[in-house]
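Chemist: pasting a predicted model and its sequence here:
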Amino acid sequence: LKLTQHSTLGLENPPMKGVKFTTLAFTMSVMLTATTGFAQSTQSLTFTAIQGQVSAAQSVPITMTPNCPSCTILVNQVPRWLTITPFSPMGSTTISIIANANSLTAGSYSASVSLNMGGNPNITVSPSTLNVTFVVTASNLPVCSKPSLTIVGAGDFSSPVAPGSIVSLFGANIASGVYTASDQSPTVLPTTLGGVSATITDVLGNTLPVSLIAVTPGQVNAVLPSGSQSGPIIVNLTASSGAKSCGSTTLAAVAPSLFTEDQTGNWLAAAQVVIAHSDGSQTVMNAIAQYSSTLVFNGSRWSNWTPIPINLGSSTDVAVLELFGTGIRGVNAFASAAKSLGTSLVSVDVCSKVQNCTPYGSLNVLYAGAQGNGGSGSFYGLDQINVVLPHSLSGSGVMFVEVGVVAPCSGCGLVPWMVDTLNVVQIDIQ
């Protein structure tokens, strides 16, 4: 991708007590009251999901009597397919529960989860038992018996991939030549290009066409439809010769990756910088890397791409770095999850070294979502993250940029959410 368009800074971040213990001087009436701490209350929950899927979350209010905000409730007998957030709730609160059918066969599963204060008779928890039923139905996903197609995200060439994201399909003898389409809205991307077409089938059995950006004999760049269900998917491709091929991967609500100028996913960011001046004017730096005919060793490999140092401007200027990627826009649906984790929906750190990254401090994220806010002239499937580069970074030289986003986690045990770190890219700050 050659990125030449920038968006303005006007983009808005989308809607981005103590315990009173009873004394030892019990009267009979007090003792009778205290024994109610062992009373049991039960709540029943039913979850449904297709094989390989995660159920919809259900919220359960938990009441502690008397309320003790600093007291931890013990949660026991949680099966591996059930995730509870927070797993160690404190005081009267609300927990979120999700059932995960990622490794389960079709059928019905049940569990009784207990919530208690570890035998403390002075505090009751309600409900004290959660009777959970989980109904897993069989997947309608067809079988790709002879996979010969590789499906990866176009930013860092990894999986999973996300709805509405840019992907690369790798195979053999796909097209007779090189064919490209305009990927800038409002032009509609074709679903057939150079005689090549592809479809995606999700776990619900729904099949949708894939929009094509470019096709070559060995690769297709495309945009996945936004209406497919997360989980395992099959991509079927018809080559220009009429030959059929297929491949499988996983579709996730968020599958973020950043683009780099050398198209490796781990060197200089495909980005631009906008300097906002105090008089309201702007200076745009359309790229932060340039192509050189001379190979340069970048610390891990030889590359033809060299950094263009970023000048942060005067003390009254504001420098905004615009990072470009894909699979990021879905993160805005998980604001409540970020709040429960006590973290930012999107975090950006600048580090002096990538191993055990010690950040210089999280940067101020102004926007994360579809490039150009998805308006006319934006590129299909392309996302961007706008962050402020503080003047304290002046003179830093080549730095690593690490981005994390909150995303659902289908196999993380007790925690249904995680901070998913994107591929690490680099910038050069003058």
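Modeler: Happy to help now that I have it.

Chemist: identify the bridge partners of the residue lying closest to residue 225 once chain neighbours are set aside.
Modeler: Distance criterion Cβ to Cβ, 6 or more residues apart in numbering; nearest residue to residue 225, sequence neighbours excluded, is residue 208 at 4.3 Å. Quick note: C-beta positions are derived from backbone N, CA and C, even for glycine. Going by DSSP bridges, residue 208 is paired in beta bridges with residue 200.

Chemist: start the count at 44, not 1, going forward
Modeler: New numbering, starting at 44: the last item is residue 251.

Chemist: contacting residues around residue 251?
Modeler: 242-243, 268, 270-271 (Cβ atoms under 8 Å, 6 or more residues apart in numbering).

Chemist: point out where the protein drops to low pLDDT.
Modeler: For the chain, the stretches with pLDDT under 70 are 44-83, 383-384, 397-404, 452-463.

Chemist: in it, where's the longest strand?
Modeler: strand 440-451 (DSSP state E).

Chemist: mind listing what's buried in it?
Modeler: Buried residues in strand 440-451, defined by neighbour count with 16 or more other Cβ atoms under 10 Å: 442-451.

Chemist: okay, the residue nearest to residue 268 and residue 241: tell me how far apart.
Modeler: Taking Cβ to Cβ, to the nearest Å as the measure, residue 251 falls 10 Å from residue 241.

Chemist: same deal with residue 263?
Modeler: Per Cβ to Cβ, residue 263 is found 7 Å from residue 241.

Chemist: what touches both of the two?
Modeler: 212, 255, 280.

Chemist: returning to what we had before: can you tell me which of the contacts of residue 251 lies nearest to residue 126?
Modeler: residue 271 (23.4 Å; Cβ to Cβ).

Chemist: can you report how many residues neighbour that closest one?
Modeler: Close neighbours of residue 271, defined as other Cβ atoms under 10 Å, add up to 21.

Chemist: try residue 226
Modeler: Other residues close to residue 226 by other Cβ under 10 Å number 21.

Chemist: which residues does it contact?
Modeler: Counting by Cβ under 8 Å, 6+ apart, residue 226 makes contact with 232, 256, 266, 422-425.

Chemist: make JSON lines out of those and add neighbour count.
Modeler: Shown next, in JSON lines, are those (neighbours: other Cβ atoms under 10 Å):
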{"residue": "232", "neighbour count": "19"}
{"residue": "256", "neighbour count": "24"}
{"residue": "266", "neighbour count": "22"}
{"residue": "422", "neighbour count": "23"}
{"residue": "423", "neighbour count": "23"}
{"residue": "424", "neighbour count": "27"}
{"residue": "425", "neighbour count": "27"}
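
Chemist: closest to residue 395 out of the residues you listed?
Modeler: For the contacts of residue 226, the closest approach to residue 395 (Cβ to Cβ) belongs to residue 425, at 29.1 Å.

Chemist: that closest one against residue 414, yeah?
Modeler: Yes - Residue 425 lies in contact with residue 414 (Cβ atoms under 8 Å); the separation is 4.1 Å.

Chemist: what do those two both touch?
Modeler: Residues touching both residue 425 and residue 414 by Cβ under 8 Å, 6+ apart: residue 367.

Chemist: excluding its backbone neighbours, what's nearest residue 132?
Modeler: Residue 132 sits nearest to residue 116 (Cβ to Cβ, 6+ apart), 4.9 Å away.

Chemist: give me every residue that touches that neighbour.
Modeler: Contacts for residue 116 were tallied using Cβ under 8 Å, 6+ apart; they are 105, 107, 131-133, 158-160, 168.

Chemist: same check, this time on residue 115
Modeler: Neighbours of residue 115 in contact, by Cβ under 8 Å, 6+ apart: 131-133.

Chemist: re earlier: any idea how far the residue nearest to residue 268 lies from residue 361?
Modeler: Look at residue 251 and residue 361: by Cβ to Cβ, they are 42 Å apart.

Chemist: repeat that for residue 128.
Modeler: From residue 128 over to residue 361 the distance is 37 Å, taken as Cβ to Cβ.

Chemist: restricted to strands, list the contacts of residue 226.
Modeler: 256, 266.

Chemist: export the contacts of residue 226 to TSV and tack on distance to residue 391?
Modeler: What follows is those, written out as TSV (distance: Cβ to Cβ, whole Å):
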residue	distance to residue 391
232	30
256	27
266	25
422	21
423	24
424	21
425	18
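
Chemist: enumerate every residue touching residue 254.
Modeler: Contacts here follow Cβ under 8 Å, 6+ apart; on that basis residue 254 touches 232-234, 265-268, 423.
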